[in-house]
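Participant: Need coordinates for the below:
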Amino acid sequence: MKSFITLCTATFLLLLSGCGSEDSPKGEKNTPGNSAALFFDTLYNEQDLSKATTMATPKMARIMNSYGTSKQFARNLVNMQYDDVVIEVDMTNMSLREQYGDTANINLIFTGHFNGNKVDDMRSVKMVRKKGNWYVDKINADPFAR
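Facilitator: Sure, this is the predicted structure:
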């Protein structure tokens, strides 16, 4: 009986330790900024294109799937490459109206490394709300690109 209780306790602690993650995005869950950051985190850090397509509108998901992999999509359409990246929402241009409307333009700041070099960049994405969830609708063109 004592070994059964020990085994149950060990199993419970093992399952409990798997819950949660230190790397998960912080803040309110259902905001356009957090949804956009989670989308790019899935693309760059998790490199999971199929999971990222669930966070995009159907039109954007079709475009993403045409590239085949998250690295190809990020390199060709987003025009940014990283080995590791930290993504932050630029709060300087935020408006409370965005959280109550159905569309929002979110600016994201990317800080990471690629081939041993530090790379800082910024992107703007158009988010739309459907049935209470925020989805990436469009990655806006970089106004400073050549």
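Participant: can you give me the helices for this protein?
Facilitator: Secondary structure of the chain by DSSP state H: the helices cover 2-17, 32-41, 49-53, 58-67, 70-73.
Participant: who does the lengthiest strand in the chain pair up with?
Facilitator: Looking across the chain with DSSP state E, the single longest strand is strand 117-130. Looking at strand 117-130 with DSSP bridges, its partner strands are strand 103-114 (antiparallel), strand 133-139 (antiparallel).
Participant: pLDDT on stretch 71-85, on average?
Facilitator: Across stretch 71-85, pLDDT averages out at 88.
Participant: circling back to that earlier point, for Tyr67, find the nearest of the strands paired with strand 117-130.
Facilitator: Of all these, strand 133-139 sits nearest to Tyr67, with 12.5 Å by C-beta to C-beta. C-beta coordinates here come from the backbone N, C-alpha and C atoms, glycine included.
Participant: got the buried residues for that closest one?
Facilitator: Trp134, Tyr135, Val136, Asp137, Lys138, Ile139 (16 or more other C-beta atoms under 10 Å).
Participant: The first one and Ile106 touch, don't they?
Facilitator: No. Between Trp134 and Ile106 there is no contact, the gap being 9.0 Å when judged by C-beta atoms under 8 Å.
Participant: Next, show the common contact partners of these two.
Facilitator: Pro32, Ala36, Met127 (C-beta atoms under 8 Å, 6 or more residues apart in numbering).
Participant: Can you report how many residues lie near the last one?
Facilitator: When counting by other C-beta atoms under 10 Å, one arrives at 23 neighbours for Met127.
Participant: which ones are touching it?
Facilitator: Counted by C-beta under 8 Å, 6+ apart, Met127 has contacts Pro32, Ser35, Ala36, Thr103, Ala104, Asn105, Ile106, Trp134, Tyr135, Val136, Asp137.
Participant: What about the fifth one, how many residues nearby?
Facilitator: Here the neighbour count serves as a burial measure; for Ala104 (other C-beta under 10 Å) it reads 23.
Participant: hey, what's it bridged with?
Facilitator: In this structure, Ala104 bridges to Met127 when assessed by DSSP bridges.
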